[in-house]
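*Asks:* Any chance you can model this:
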Amino acid sequence: MRFLAMHVDYFRSEITQKGRSSLVEPYDSKSHVLEDGLLVLVSVEKGDEANSEGVATRAADELADIARKVGARRILLHSFAHLFAVLAAPAEAVPILDATKDRLIEAGLETSRTPFGWFNTLEIRAKGHPLSRVARVIQP
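*Replies:* Numbers count the residues shown, from 1 in each chain. The predicted model follows:
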């Protein structure tokens with residue numbers, strides 16, 4: 001798994017159309033908004049399924065640590081395959097994203113995830129401090 005976590009003042013995504021993924025999740029709302037929290041652009045990679053629980057736990061631990069350091073209480077996981085390496089199959093990626101979300105909730109962080117398999121418009125206003133953008137690679 002790879003992710004780019006951004007401490008944001010504001011993030012908004014709006015679903016525009018189905019993506020090319022073989023897995024397209026239903027949605028309750030076309031738009032998702034996060035204010036004053038961590039936006040996490042995340043890519044689950046081929047091989048992560050070899051230790052999906054370990055990957056989810058390590059990712060959640062890293063994200064909880066970043067959130068603690070920047071004082072964020074809210075996290076939004078947004079699947080973002082566009083910048084990263086060899087992707088896991090969607091049927092393997094979604095359970096890892098869900099497990100990461102569950103671990104973050106267990107850690108006391110208000111955590112949500114945007115639906116998988118859609119193209120979106122994105123609006124981002126990121127903060128500008130030394131930890132406002134943090135990238136990590138989590139390996140199985």
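*Asks:* Tell me which helix or strand residue 94 sits in.
*Replies:* Per DSSP states H and E, residue 94 falls inside helix 90-106.
*Asks:* what about residue 139, how many residues close to it?
*Replies:* Other residues near residue 139 come to 13 when the count uses other CB atoms under 10 Å. Using the backbone N, CA and C atoms, a C-beta is placed for each residue, glycine as well.
*Asks:* what residues are up against it?
*Replies:* 47, 55 (CB atoms under 8 Å, 6 or more residues apart in numbering).
*Asks:* where does it land on pLDDT?
*Replies:* pLDDT, residue 139: 91.
*Asks:* picking up where we left off before, residues of the helix holding residue 94 that come out buried?
*Replies:* 90, 92-94, 96-97, 99-101, 103-104 (16 or more other CB atoms under 10 Å).
*Asks:* Kindly calculate the angle that the longest helix seen in the chain makes with helix 90-106.
*Replies:* For the chain, the longest helix by residue count, based on DSSP state H, is helix 52-70. If you take axes from the mean of the first three to the mean of the last three CA atoms, to 10 degrees, helix 52-70 sits at 40 degrees to helix 90-106.
*Asks:* Packing partners of helix 52-70?
*Replies:* Packing partners of helix 52-70 (3 or more CB pairs under 8 Å, 6 or more residues apart in numbering; DSSP states H and E): strand 2-18, strand 31-43, helix 90-106, strand 133-137.
*Asks:* Quick one: mean pLDDT over it.
*Replies:* On average, helix 52-70 scores 98.
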